[in-house]
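Enquirer: Here's a sequence, model it:
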Amino acid sequence: MVFFIFTCGTHTFTSPLKGYENVVVQCQNCGNISARPYKRWEWFTFCFVPLIPFSLKPWHEVGCHICNFYQDMKYRPDVTNGQGNVAMGPYGGGGHPPGGPQGGPQYK
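Expert: Residues are numbered from 1 along each chain as shown. Sure thing, here's the model as predicted:
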């Protein structure tokens, strides 16, 4: 008697989105300034070999490596309008809140 074991599953390929390599923005889930634009493409795998893509085109998303949250680029106009800015956060160029670079509130 012969048994064959096959494994099926999915694998997501992720790479930096061309033209947005130096863009770092605030994650809308955890609030850290660590989200970057990525190109992601999910494939069906058979015996660890990618065979069939789940979509015809890869997704263009902003992803946070801290909380693993991904959001479509069409919901992030702050990224598409500020293409090419390094550490572009919600507060402008440096990504620091109005309280100063330490991020805390200013007490008098």
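Enquirer: so where do the helices sit in the protein?
Expert: With DSSP state H as the criterion, the chain has helices at 77-81.
Enquirer: Spit out the contact partners of the spatially most central residue of the chain.
Expert: The centroid of the chain falls nearest to Gly63 when counting by CA atoms, centre = their mean (1.7 Å). For Gly63, the contacting residues are Thr14, Ala35, Arg36, Pro37, Tyr38, Arg40, Phe69, Tyr70, Gln71, by CB atoms under 8 Å, 6 or more residues apart in numbering. For the C-beta atoms, the positions are set from N, CA and C on the backbone; glycine is no exception.
Enquirer: Look up which residues are beta-bridged to it.
Expert: With DSSP bridges as the criterion, Gly63 is bridged to Arg36, Tyr70.
Enquirer: My guess is Trp59 contacts Leu17. True?
Expert: No. In this structure Trp59 lies outside contact range of Leu17 using CB atoms under 8 Å: 10.0 Å.
Enquirer: so which of the contacts of Gly63 is the most crowded?
Expert: Neighbour tally across these (other CB atoms under 10 Å): the maximum, 27 neighbours, falls on Ala35.
Enquirer: Next one: the residue nearest to the centre of the chain from Phe6, what distance?
Expert: Counting by CB to CB, to the nearest Å, the gap from Gly63 to Phe6 is 31 Å.
Enquirer: in this structure, which segments are predicted with low confidence?
Expert: For the chain, the stretches flagged by pLDDT under 70 are 82-108.
Enquirer: Quick one: the strands in it, in order.
Expert: For the chain, applying DSSP state E gives strands covering 8-16, 25-26, 33-46, 49-53, 59-64, 70-72.
Enquirer: Dump the ones you listed to TSV, plus distance to Asp78.
Expert: Converted to TSV, those look like this (distance: least, CB to CB, whole Å):
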stretch	distance to Asp78
strand 8-16	18
strand 25-26	6
strand 33-46	10
strand 49-53	29
strand 59-64	9
strand 70-72	11
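Enquirer: list the contacts for Arg76?
Expert: Val25, Gln28, Val62 are the contacts of Arg76 under CB under 8 Å, 6+ apart.
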